[in-house]
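> Generate coordinates for the sequence data below:
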Amino acid sequence: MKRNLIIASILIGGIFSLLPLLVKILIFTGLALYLFTAYDEYDYQLRVGGRK
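Residues are numbered from 1 along each chain as shown. All right, here's what the predicted structure looks like:
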């Protein structure tokens, strides 16, 4: 029982130490996706001939 508790605490600690990295990756990916779609819309509007 005690051994399982130690293994579980090590695994949970490892997962919690990765959370800040995952949050940074999610924020960066979301920002990159937003900027790409904003630029794509801007480029499309320039090709079509302005906003409608």
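
> ok, residue 34 - contacts?
Shown in contact with residue 34 (Cβ atoms under 8 Å, 6 or more residues apart in numbering): no residues. For glycine as for every other residue, the C-beta is placed from the backbone atoms N, C-alpha and C.

> tell me the average confidence for the host helix or strand of it?
Residue 34 is part of helix 2-48 when elements are defined by DSSP states H and E. Averaging pLDDT along helix 2-48 yields 91.

> ok, now how distant is residue 10 from residue 18?
Using Cβ to Cβ, to the nearest Å, residue 10 is found at 13 Å from residue 18.

> Also residue 40?
Note on residue 40: its distance to residue 18, by Cβ to Cβ, is 32 Å.

> Over to residue 37?
To residue 18, residue 37 is 28 Å away according to Cβ to Cβ.

> Residue 3 too?
In terms of Cβ to Cβ, residue 3 sits 23 Å off from residue 18.

> neighbour-wise, which of those two wins?
Higher neighbour count among residue 3 and residue 18: residue 18, with 11 against 7, using other Cβ atoms under 10 Å.

> Enumerate every residue touching that one.
With Cβ under 8 Å, 6+ apart, residue 18 has no contacts at all.
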